[in-house]
Each structure stands twice: as C-alpha cells, then as structure tokens.
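**Student:** quick one, structure for this:
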Amino acid sequence: MLKKPSNTVLYFAPHQDDELLTMGIDIAASVKNGYDVHVIICTDGASSNVRLRLGNREFCEQCHAQHVFDLTKEDFTATRDSELFGSCAALGVKRENIHFEEKRIVDGNLTLDAAKAIIKKYVELIDENSTVCTIYPNDPNVQHRDHRTLGLAASELKNEGEIRHLVLMEEPYVASEVEHAEGEEPTVFYAPDDIALQIEKAVSEYFLWNPENKRYAVGFHSVPEEMNRLITEKGLYYHTYE
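**Tutor:** Numbers count the residues shown, from 1 in each chain. Next up, the predicted model:
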C-alpha cells in the first residue's frame, strides 16, 4: 500500500461510489495498517440520471423489475448515502469518520473555490498534518467535472502550502484511456487477496436491490462495468506529491 507520513488520511470523494471506484483499495489498506481514515463526500450525488430511470415505468433487465420508483432528489441522495455507508463499512471505515457538509453542494456544481474550502475545512478540523487523497484531474473530455475540480483544488492547495501531503488517484476506467506524458504515468498497486475480498463486499453494497428497504442499486444501474472491472482488475492508480 501507499505509505503516508501522517497517521491521519482524508479521502475526498465528489460523489457516493467514488470512494470505492477510485480510492477503495487504498482506503481498505490504510485502515488495515492502522491509519485514522476519514471519508468526506463533497456533493449530494443527486444529479445522476439513474434517479429518473428508476421512475420511468419500464422493465429493467439489470434488476429484473419494473422501474416504478419516483424518488425526490432528497430520497435519491439518502439511498446513495446508504450505499456509501455499506461500502465504507466493508472497507473498514468507522461511521463517525464519514463526513458531509451540512448544506451539500448540488451534484455537478462543485466549483474550485467551494472544493478548496471543503478540503481546507476538514484538514484544519481533523489534522493539519494529514495526508489528503482525492481524484487526479485528468482530460476534461473523459472526466466528470466534479472529479476534475476536486483534483485541481487539492493540487492548488498543495502548491499554496495548505496541504502537506497529497495523493491523487486516477479512476481506473480513465487511466487506461488517456495518454500520459513521459514521467507522469501513475504508479499501480494491486490489491492483495484480503483487500480484494473487502472490495467485492463493498461493490455488493452498490448492487443491492431491495426497494422495500429503500435500496435501489444505484451503483449497479449507474456504472456496472466500472464496478465489475474493479473486482476483476483490482488496480489502484496513484500519484504522490510530497
């Protein structure tokens, strides 16, 4: 796993599921090795088109059920949070170490200033010497705006001296599609068997279909290929900045 100079590691994810898809292997490894791990979700995750698909009255081949679930944005955020809590529990993160802003930013509207403010807030609140981990800012043509914004914010804060230790992790489904300049390729860490099992359990939380208990398998409907790829390839792609 990645060695961190501080005992506290803060993982900043733009949406529920990014903590797993891009950072989950390192989160599990950090918990296993005794680090104080915190996960911070930076938006409400409510703009996914899955919310509308769940109410489109069509039969879904993925979950083998008719989509008759008219969720408000608040309900949709809540079910995505439930998936996140299950994922983080599988990775070993304590519930009290999962953080949200009281007034959450609307998915797709994360600005550079807002992202920097969130990162600074939790670094100052939890541990000023912490290691900050988030998503590597990549080609805007292949990357979600919120993902890129969060990575750019962390990079600026590191250059400004507000972050002491920074790790930026590339989405596996992006890292293999973009060209990297010589010397800027990510380092790859493959999950050992015990952590791979945790990843599979975490993925199952995003695949859980149980409408009676307000679980609608949002991750399964949204990014099934990426979730399954995480299980089969077990790779973490990262850049460190000290």
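**Student:** name the next helix or strand downstream of the lengthiest helix in the chain, please.
**Tutor:** Taking DSSP state H as the criterion, the chain has its longest helix at helix 73-91. Next along the chain after helix 73-91, taking DSSP states H and E as the criterion, comes strand 98-105.
**Student:** how far off helix 73-91 does that next one point, in degrees?
**Tutor:** Angle, strand 98-105 to helix 73-91, by axes from the mean of the first three to the mean of the last three Cα atoms, to 10 degrees: 160 degrees.
**Student:** mind listing what's buried in the longest helix of the chain?
**Tutor:** 75-77, 79-84, 86-91 (16 or more other Cβ atoms under 10 Å). Backbone N, C-alpha and C define where each C-beta goes, glycine included.
**Student:** go on, stretch 96-111?
**Tutor:** Buried, per 16+ other Cβ under 10 Å, within stretch 96-111: 97, 98, 99, 100, 101, 105, 107, 108, 110.
**Student:** which outside residues touch it?
**Tutor:** The list of residues contacting stretch 96-111 from outside it, by Cβ atoms under 8 Å, 6 or more residues apart in numbering, reads 14-15, 36-48, 77, 81, 84-85, 88, 114, 118, 122, 145-146, 149-150.
**Student:** of those residues, which belong to strands?
**Tutor:** 36, 37, 38, 39, 40, 41, 42, 43 (DSSP state E).
**Student:** for the first one, which non-adjacent residue is closest in space?
**Tutor:** Same thing as residue 36. residue 8 (4.6 Å; Cβ to Cβ, 6 or more residues apart in numbering).
**Student:** in stretch 22-29, what counts as buried?
**Tutor:** Quick answer for stretch 22-29 (16+ other Cβ under 10 Å): 22, 23, 24, 25, 26, 27, 28, 29.
**Student:** can you give me the strands for the chain?
**Tutor:** 8-13, 36-43, 59-60, 65-66, 98-105, 131-135, 165-170, 187-190, 209-210, 215-216, 235-241.
**Student:** looking at the ones you listed, which is buried most?
**Tutor:** strand 131-135 (a mean of 27; mean count of other Cβ atoms under 10 Å).
**Student:** distance between it and the chain's centre?
**Tutor:** Averaging C-alpha positions (Cα atoms, centre = their mean, to the nearest Å) puts strand 131-135 11 Å from its chain's average.
**Student:** for it, what does the pLDDT average out to?
**Tutor:** The average pLDDT for strand 131-135 rounds to 97.
**Student:** again, but for stretch 218-225
**Tutor:** Per-residue scores along stretch 218-225 average to 96.
**Student:** same deal with stretch 47-62?
**Tutor:** 96.
**Student:** same deal with stretch 170-179?
**Tutor:** For stretch 170-179, the per-residue pLDDT averages 85.
**Student:** buried residues, that stretch. List them.
**Tutor:** Counting neighbours by 16+ other Cβ under 10 Å, stretch 170-179 gives 170, 171, 172, 173, 174, 175 as buried.
**Student:** how long is it end to end?
**Tutor:** One end of stretch 170-179 to the other measures 12 Å (Cα to Cα, to the nearest Å).
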